[in-house]
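1. I'd like to go over a predicted model; first the sequence, then the structure.
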Amino acid sequence: MASPGRIELDKLSVEQLKGLKEQTDLEANLLQDSLTKIRSALARLQSASAALHDLSLRPQGKKILVPLTASLYVPGSLDDAEKVLVDVGTGYFIEKTMAQGNEYCERKINLLKSNFDELLEVATKKKTIADEIGLILHAKLKQASPGPSS
């Protein structure tokens, strides 16, 4: 007997299994996309944290290149290495000290890592379920089709 909320896959029809397989595959792909986005955000935050560290080592008045976009830089000079602008999302920036900026990055990195680990666990379970449904569907299709005559 199945536990409440659990579907007995071997009792489903081929059409129901196909629909369930498509839905589960779609969910697994969406979870994979989310994992990719988290990985990308994590890499950007780690890069920002490294840039903050590098910036803290430069002397005041030092000539630097300031990134306006990913591929466009303009010359500038470092006036105050102790204050930074932190992008908190949707076009908002907050002025923080270097230590607060580093703390912000580390907090966000830790949050993303924990979210990534949780999402990875869910994605793995979803993929396992999709594979299980695929095996049952394949077995039912094989059972339904007549075998070659000997």
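-> Alright, I've got the coordinates. Remember, it's a predicted structure, so these values are computed and weren't measured experimentally.
2. Assumed Ile7 was part of a helix.
-> No. Looking at Ile7 with DSSP: H, G, I helix; E, B strand; the rest coil, it is coil, so not inside a helix.
3. from here on, count from 115
-> Let's use 115 as the start, then, which means that last one is Ile121.
4. Identify the residues contacting the residue lying closest to it once chain neighbours are set aside.
-> Once flanking residues are discounted, Ile121 sits nearest to Leu134: 7.7 Å by CB to CB, 6 or more residues apart in numbering. C-beta here means a position set from N, CA and C on the backbone, and glycine is covered the same way. Applying CB atoms under 8 Å, 6 or more residues apart in numbering, one finds that Leu134 lies in contact with Ile121, Leu123, Leu126, Ile247.
5. Now do stretch 157-168: everything it contacts.
-> Residues from elsewhere that reach stretch 157-168 (CB under 8 Å, 6+ apart): Val198, Met212, Gly215, Asn216, Cys219, Glu220, Lys222, Ile223, Leu226.
6. Could you save these as TSV and add columns showing pLDDT and secondary structure?
-> Converted to TSV, the contacts of stretch 157-168 look like this (pLDDT from 0 to 100; DSSP: H, G, I helix; E, B strand; the rest coil):
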residue	pLDDT	secondary structure
Val198	89	strand
Met212	91	helix
Gly215	93	helix
Asn216	93	helix
Cys219	94	helix
Glu220	95	helix
Lys222	95	helix
Ile223	96	helix
Leu226	96	helix
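7. Between the residues you listed, which sits nearest Asp139?
-> Using CB to CB, Leu226 comes nearest to Asp139 of the contacts of stretch 157-168, at 25.8 Å.
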